[in-house]
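**Student:** Prediction below, plus the sequence it came from.
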Amino acid sequence: MHIAFSNTYATLPERFFTLQHPQKVAVPKLFCFNDDLAHTLAIPHASTEKLAEYFSGNTLFEGSFSLAMAYAGHQFGHFTMLGDGRAVLLGEVLDLAGKRHDIQLKASGVTPYSRGGDGRGTLGAMLREYLISEAMHYLGIPTTRSLAVVETGEEVVREKSHKGAVLTRVASSHLRVGTFEYARQYGGQKNLKALLEYTIARLYPHLEAHPNKALAFLQAVMEAQVALIVEWMRVGFIHGVMNTDNMSISGETIDYGPCAFMNAYNPKTVFSSIDRMGRYRFENQPVIGGWNLSVLAGALLPLIDSDEDKAVEKATAALEEFVPLYEQKYDAMLCKKLGLERVDKEGKALANALLGIMQQKGLDYTNTFASLGFADKEHFVSLDDALKAWHAQWEHTVGDTASAKACMRSCNPLVIPRNHLVEEALVEAEAGNKKPFFTLLHALKTPYEGYENAQLQTIPYGVDVGYKTFCGT
């Protein structure tokens, strides 16, 4: 099986990676393969047996130059040396449009960065990433994607024994804020500069002629992260573990561990079992995004200006743009969810009033907006008596309700990966029943269609009480 691999990341100094083959697995068996994505990436068709051999890591691709990437990161606010502890980068491919993508095997075995871990992943964790990353793609949110999941025929112990699996992940790059932290802490200024030059050439080539590349780069990453987090807030997505090593420089959602979607609107919602203090709760995602950018700024200081005081001054001035930029983008998004194409004081007040009712009454975030945009007035106001007065004010504000609803229908999804359906799909897959997984995956590909599909909209009472998600490591 031939794929036209290259590996530009390997042109960086050797400090940034370790050459590493994936570890072989016992009995590779293909669980799912993303044919649409494979076509986009010009990956040739092959038998399920051959796909399982290659995308488990048992057979090496000709031309692949596999490696594990080194990086560091702040995990829950604490700096740690990290790296690909259970992943290898097979290489890079150009898609049909000429865009470069990383192809990585996740849960491919032990590497020098495993820190005592087993380097493996459970079938459930790999399928969760497949489902939710594909859902995010079809929701129109920048994300890594999933190409394949291969069962390994081995058991993986995470409190109890689970089936093992390997995920093939596709990304614009796997460069992270933590990669720059690593370069600053362990690589010296020469290596830090090499990383910056490489990253700009690959992801932000329009900055190559800028007189202060490092500062312009910080601003570009900030804009990408603001746009991404606003999209998360639009659909009620909670990443769950926004450590700096999980923050992609490209502005894509990466590392779907203890992630989940909010049902009943509550800005303090947190599902991650490891986020005991609620650091990464729904309402705190923009705050943490800004915090992570400050860490990136700190790593870039020597390249922003040789005078440290001036570098801090310039970086601080850039970071001060984060809050007004986020608020501008967030307000525009929220108004669009109401069908308002302009952002003004009245529109923002209307939006915040609706969110207040939703929080007080425990109304579903997705279904409330969907009902406003897709259902008739009687259905919407039937959700709660408090919505009657609000709806009258909304009608007065928007004027042309038909035009407003047309605007809303590209912004408010009807179908999201509901937590209980995701869990059902994962449990059934572990038991050998693939049907719930593929049924849900199919529905997630058309998130703005199918309002009549009540099965995907109805939330069982109390389903999220005590609900926890896990990172899979």
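**Tutor:** Happy to help now that I have it.

**Student:** Mind jotting down where the strands sit in the chain?
**Tutor:** Ranges of strands within the chain are 17-19, 29-33, 67-69, 72-75, 78-81, 87-94, 100-106, 121-122, 145-158, 160-171, 237-238, 260-261, based on DSSP state E.

**Student:** how far is the second one from where the chain is centred?
**Tutor:** Right, the one you point to is strand 29-33. Taking C-alpha atoms, centre = their mean, to the nearest Å, one finds the center of strand 29-33 at 22 Å from the center of the full chain.

**Student:** Give the pairing partners of that strand; include direction for each.
**Tutor:** strand 145-158 (antiparallel) (DSSP bridges).

**Student:** any idea how far Pro267 is from Phe369?
**Tutor:** 15 Å (C-beta to C-beta, to the nearest Å). Where you see a C-beta, it was placed from the backbone N, CA and C, and this is true even at glycine.

**Student:** for Asn419, same thing?
**Tutor:** 18 Å.

**Student:** quick one, which of those two is more surrounded?
**Tutor:** Shown here are Asn419 and Phe369; by other C-beta atoms under 10 Å, Phe369 has more neighbours (26 against 18).

**Student:** excluding its backbone neighbours, what's nearest the more buried one?
**Tutor:** Of all residues not flanking Phe369 in the chain, Asn412 sits nearest, at 4.1 Å (C-beta to C-beta, 6 or more residues apart in numbering).

**Student:** need the contact list for the one you found.
**Tutor:** By C-beta atoms under 8 Å, 6 or more residues apart in numbering, Asn412 lies in contact with Lys337, Thr366, Phe369, Ala370, Leu372, Gly373, Phe374, Tyr448.

**Student:** Lowest-confidence entry in those residues?
**Tutor:** For the contacts of Asn412, the model is least confident at Phe374; its pLDDT is 89.

**Student:** okay, now that one: neighbour count?
**Tutor:** Neighbourhood size, Phe374 [other C-beta under 10 Å]: 20.

**Student:** what does the one 5 residues further on give?
**Tutor:** Counted with other C-beta under 10 Å, the burial measure for His379 works out to 11 neighbours.

**Student:** any idea how far the closest residue to it other than its chain neighbours is from His442?
**Tutor:** Of all residues not flanking His379 in the chain, Ser371 sits nearest, at 5.8 Å (C-beta to C-beta, 6+ apart). Using C-beta to C-beta, we find Ser371 at a distance of 23 Å from His442.

**Student:** Between these two, which is the more surrounded one?
**Tutor:** Neighbour comparison, Ser371 and His442: the larger count goes to Ser371, with 23 against 9 (by other C-beta under 10 Å).

**Student:** pretty sure the more buried one contacts Val381?
**Tutor:** No: the pair Ser371 and Val381 does not pass the contact test of C-beta atoms under 8 Å, sitting 9.4 Å apart.

**Student:** tell me the contacts of the residue lying closest to Glu129 once chain neighbours are set aside?
**Tutor:** Computed as C-beta to C-beta, 6+ apart, the closest residue to Glu129 that is not its neighbour in sequence is Tyr256, at 4.1 Å. Applying C-beta under 8 Å, 6+ apart to Tyr256 gives the contacts Arg128, Glu129, Ile132, Ser133.

**Student:** could you dump the residues you listed to TSV with distance to His78?
**Tutor:** What follows is these, written out as TSV (distance: C-beta to C-beta, whole Å):
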residue	distance to His78
Arg128	26
Glu129	25
Ile132	26
Ser133	27
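
**Student:** Could you turn the buried ones of these into a PyMOL selection?
**Tutor:** Only the buried entries of the contacts of Tyr256 go into this PyMOL selection, using 16 or more other C-beta atoms under 10 Å:
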select buried, resi 128+129+132+133
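
**Student:** Of all pairs in the contacts of Tyr256, which one is the farthest apart?
**Tutor:** Within the contacts of Tyr256, Arg128 and Ser133 form the most distant pair, 9.1 Å apart (C-beta to C-beta).

**Student:** Same list, the strands of the chain, but as a markdown table with mean neighbour count and mean pLDDT please.
**Tutor:** Shown next, in a markdown table, are the strands of the chain (neighbours: other C-beta atoms under 10 Å; pLDDT from 0 to 100):
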| stretch | mean neighbour count | mean pLDDT |
| --- | --- | --- |
| strand 17-19 | 17 | 98 |
| strand 29-33 | 19 | 98 |
| strand 67-69 | 25 | 98 |
| strand 72-75 | 20 | 97 |
| strand 78-81 | 13 | 96 |
| strand 87-94 | 23 | 97 |
| strand 100-106 | 22 | 98 |
| strand 121-122 | 25 | 96 |
| strand 145-158 | 21 | 96 |
| strand 160-171 | 22 | 96 |
| strand 237-238 | 24 | 98 |
| strand 260-261 | 24 | 96 |
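
**Student:** show me the contacts for the closest residue in space to Leu215 that isn't next to it in sequence.
**Tutor:** Distance criterion C-beta to C-beta, 6+ apart; nearest residue to Leu215, sequence neighbours excluded, is Ile304 at 5.1 Å. For Ile304, the contacting residues are Asn212, Ala214, Leu215, Leu218, Ala297, Ala311, Lys314, Ala315, by C-beta under 8 Å, 6+ apart.

**Student:** switch to 10 Å and redo it
**Tutor:** Ile304 is in contact with 212-218, 297, 310-315, 318, counting by C-beta atoms under 10 Å, 6 or more residues apart in numbering.

**Student:** Let me know the closest of the residues you listed to Thr469.
**Tutor:** Ala297 (30.5 Å).

**Student:** give me the number of residues near the nearest residue to that closest one once chain neighbours are set aside?
**Tutor:** Among residues not flanking Ala297 along the chain, Ala315 sits closest, at 4.1 Å (C-beta to C-beta, 6+ apart). Look at Ala315: counted by other C-beta under 10 Å, it has 22 neighbours.

**Student:** Against Gly290, how distant is Ala315?
**Tutor:** Per C-beta to C-beta, Ala315 is found 13 Å from Gly290.

**Student:** out of the contacts of Asn412, which are inside helices?
**Tutor:** Lys337, Thr366, Phe369, Ala370, Leu372, Gly373, Phe374 (DSSP state H).

**Student:** Kindly present those residues as TSV, with separate columns for distance to Phe61.
**Tutor:** Shown next, in TSV, are the ones in helices among the contacts of Asn412 (distance: C-beta to C-beta, whole Å):
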residue	distance to Phe61
Lys337	44
Thr366	40
Phe369	44
Ala370	43
Leu372	49
Gly373	46
Phe374	45
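
**Student:** Now flag whichever of those residues is closest to Phe31.
**Tutor:** Phe31 lies nearest to Thr366 out of the ones in helices among the contacts of Asn412, by C-beta to C-beta, at 27.8 Å.

**Student:** Touching, Thr439 and Val422? I think so.
**Tutor:** No: contact criterion C-beta atoms under 10 Å: Thr439 and Val422 do not qualify, at 12.0 Å.

**Student:** So those two - more neighbours on which side?
**Tutor:** Between Thr439 and Val422, counted using other C-beta under 10 Å, Val422 has the larger neighbour count: 25 against 15.

**Student:** gap between that one and Val110?
**Tutor:** 29 Å.
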